[in-house]
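**Student:** Need coordinates for the following:
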Amino acid sequence: MDDGAKKGSGFILCTDSFSREEVEFLVKALESNFNLDCSIHLQYGNSRIYIRAGSMNRFRELVQSYFHPSSL
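**Tutor:** Sure thing, here's the model as predicted:
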């Protein structure tokens, strides 16, 4: 239930441990496999995946069943 948070109208995935190339690969996978509109944001020199507001409903559909009820 960690390494991600709501940011603005979207959601940030904290992929700080990944290289820039790995994050780019993950963004392409999220876009092509799950139809999520993503971008890469830099935080303290690390690349993080940002799921844009327009994809939040789709993102919720995909992950909600994995969240503990207290997190909803």
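
**Student:** What residues are bridge-paired with the closest residue to S19 other than its chain neighbours?
**Tutor:** The spatial neighbour of S19 that comes closest, neighbours along the chain excluded (Cβ to Cβ, 6 or more residues apart in numbering), is S47 at 7.9 Å. (C-beta placed from N, C-alpha, C; glycine too.) Note on S47: beta-bridge partners by DSSP bridges are L42.

**Student:** So S47 is in contact with I40, correct?
**Tutor:** Yes: between S47 and I40 there is a contact under Cβ atoms under 8 Å: 5.2 Å.

**Student:** Between the two, which has more neighbouring residues?
**Tutor:** Neighbours were tallied for S47 and for I40 using other Cβ atoms under 10 Å; the higher tally belongs to S47 (19 against 14).

**Student:** For that one, which residues are in contact?
**Tutor:** With Cβ atoms under 8 Å, 6 or more residues apart in numbering as the criterion, the residues that contact S47 are 15-16, 18-20, 23-24, 40-41.

**Student:** Of these, which is the nearest to G8?
**Tutor:** Nearest to G8 among the contacts of S47: H41, at 10.4 Å, using Cβ to Cβ.

**Student:** That closest one contacts Y50, doesn't it?
**Tutor:** Yes: checked against Cβ under 8 Å, the pair H41 and Y50 is within contact range at 4.7 Å.
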